[in-house]
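**Q** no FASTA, just this:
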């Protein structure tokens, strides 16, 4: 990841300052570069485009939504800078990966992100640093997404709006591993579905 992985660059956030959601976004963007590269090596442009679309959906409907307060509230802080840089890095990655599919839009996106007239088409294809892919964290976030989606569906079926807080949700843990992963994302689930415990 260009901005986040540059060692010694004081203008960018180091991985130490990133929240779990930031690290998840970086991990997903790194995985995206790897998957798109593999799909294009096999001349499977449809699969490559689908990977990009799925990542954009996750980035906007999960990462951006869960970090709204970090983006808009309070003064400039290390945490706010980390959130902006993570999002900027992910969007730059998208622009570079999609430039073969949507050349004019990708160029416009890249130039707006970098505040320059440099073309996205002159950039190197992203190299993949496998150390940035955190499968454990991705698994935890996937659990939180699935449980959040399920609880929201139940709320909708029962006619209970999300703004009405509920006392608790019971999630059966069928293994110790699942229980541990669930503990790591408990706060995310509670805030997303408005439950106390």
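**A** Yep, it's here. Source: prediction; values computed, not measured. Numbering: from 1, shown residues only.
**Q** remind me, longest helix of this protein?
**A** In the chain, taking DSSP state H as the definition, the longest helix is helix 135-158.
**Q** Enumerate the positions of that one that are buried.
**A** When burial is assessed from 16 or more other Cβ atoms under 10 Å, helix 135-158 yields the following buried residues: 137, 140-141, 143-145, 147-148, 151, 155. In short, each C-beta sits where N, CA and C put it, glycine included.
**Q** Which two of these have the greatest separation?
**A** Farthest-apart pair in the buried residues of helix 135-158 is 137 and 155; separation 26.7 Å (Cβ to Cβ).
**Q** coming back round to it: following the chain past the longest helix of the chain, name the next helix or strand.
**A** Downstream of helix 135-158, the first helix or strand assigned by DSSP states H and E is helix 176-184.
**Q** rewinding a little: output the contacting helices and strands for the longest helix of the chain.
**A** Where contact means 3 or more Cβ pairs under 8 Å, 6 or more residues apart in numbering; DSSP states H and E, helix 135-158 is packed against helix 20-41, helix 176-184, helix 186-193.
**Q** Next, the angle helix 176-184 makes with the first one.
**A** Taking axes from the mean of the first three to the mean of the last three Cα atoms, to 10 degrees, helix 20-41 and helix 176-184 form an angle of 120 degrees between their directions.
**Q** Which elements pack onto helix 20-41?
**A** Helix 20-41 is packed against helix 45-58, helix 78-98, helix 135-158, with contacts defined by 3+ Cβ pairs under 8 Å, 6+ apart.
**Q** and of these, who's closest to residue 72?
**A** Of all these, it is helix 78-98 that lies closest to residue 72, at 9.2 Å by Cβ to Cβ.
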